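**Q** Give me the fold of what follows.
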Amino acid sequence: MQVFLTRPLFDTDLLKTRLAEQGIGLTTTDTDDICPASELLEKAQHTDALITHTEDAITADVIAKLPSSVKLIANYGIGFSNIDIEAARHKGIVVTNTPTDEAFHATAEATVALLVAIARQIPALSAERRAIKTDPAPSFQRPTAVSIRNKITGVIGLGRIGSRVAEMMHHGFKNTIIYYDLYANSNMENELGARKVALDTLMQTADFICVNMPLSEQTNNLVSAELVAMMKRDAVFVNTARAELVDENALIERLNDKALHGAGLDVYSDSVNDIRAKNVALTSHFANFEKEAYTAMTNLIADNVIGYLCNQQAVTPVNAPIRDE
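**A** Below is the predicted model:
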């Protein structure tokens, strides 16, 4: 049995060792660059499974061209919107992801870290100091922080990541939690007193807004330009989910107009190059970039590949494959 990995992982040797113990061979590329579709299709020949990254576009066209030997696409990430799930399902290919507790904790911690950094004006103050050769003189004209304690945190998407964000903000900073989700979260309502509200209410009310909603057709552009305009002028906006959830141009316009305290963005398009505001942190989709999270995700990738190739039983499948007649 043979597996192709589209580019190296955090610990490719660990993955290779785990697979080799079960008689499964692993090949990968020699670069960290995103694997071109042409190379992926070439390497997929005589391969039983693919291990992909969330940056790999596994479209319906790519899936249609995969050889019949490929029975599994194991995605390295919590999300899997980069894969056409229906196309894979109809070709009889199982798709898996890596929803480990460590990855959820890592992303939640990154969300709160960005929130705190922006509230305390850390990006702006750091940029100010690095632009001169000595500490600036005391002045109330300089960037001023907003307090984090006893505020209202609005969580958009109170799932496994959003719930952890809510817990940290409630217990750590005594924040009141309001949330918008497609479903009620009775656990968080009981434990934290979290209150489910309409999205426009959340946008108008919250001091801190954290986007942790999965991307789907239903949630694409969920935070529209109209909703972006509703935020308080001193609100902090954080997105560690997907860029497509938010009207990015509207957000950038508010930041550049100095009509928002600041933003922490882990996901975005190249439009952020137009941001002139200083109190902005961009972290390049690194929210779950930590040793513990990536080690756990690597082990889950191995478990999925071994489980399916050896026993026809994936650990974390996200689709139920069928074959077209």
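**Q** how about the helices in this protein?
**A** 12-20, 37-44, 60-65, 85-90, 101-119, 122-130, 160-173, 186-192, 199-205, 225-228, 248-256, 291-311 (DSSP state H).
**Q** residues of the shortest one that come out buried?
**A** Spelled out, that is helix 225-228. 227-228 (16 or more other C-beta atoms under 10 Å). For every residue, glycine as well, the C-beta is placed using N, CA and C.
**Q** one step back: relative to Pro214, which of the helices of the chain is closest?
**A** With respect to Pro214, and counting by C-beta to C-beta, the nearest of the helices of the chain is helix 160-173 at 9.4 Å.
**Q** Kindly calculate the angle that the closest one makes with helix 101-119.
**A** 50 degrees (axes from the mean of the first three to the mean of the last three C-alpha atoms, to 10 degrees).
**Q** Show me what helix 160-173 is in contact with.
**A** With contact meaning C-beta atoms under 8 Å, 6 or more residues apart in numbering, helix 160-173 is reached by 99, 104-105, 107-109, 111-112, 115, 148-151, 153, 155-156, 158, 175-177, 179, 181, 185, 187-188, 191-194, 208, 210, 212-213, 240-241.
**Q** Show me how to select, in ChimeraX, the buried members of those.
**A** Buried members of those, identified by 16+ other C-beta under 10 Å, are gathered into one ChimeraX selection as follows:
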select :99,104,105,107,108,109,111,112,115,148,151,153,155,156,158,175,176,177,179,181,185,188,192,194,208,210,212,213,240,241
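**Q** if we can go back for a sec, which one of the helices of the chain lies nearest to Thr6?
**A** With C-beta to C-beta as the measure, helix 37-44 is the member of the helices of the chain nearest Thr6 (6.0 Å).
**Q** quick one: average confidence on the closest one?
**A** Across helix 37-44, the average pLDDT comes to 93.
**Q** ok, now stretch 210-222?
**A** Averaging pLDDT along stretch 210-222 yields 91.
**Q** Pull out the buried positions in stretch 133-147.
**A** 143, 146.
**Q** Got phi/psi on the spatially most central residue of the chain?
**A** Among the residues of the chain, Ala241 comes closest to the average C-alpha position under C-alpha atoms, centre = their mean, at 4.0 Å. Ala241 adopts backbone torsions of phi -100, psi -90, taken as degrees, to the nearest 10.
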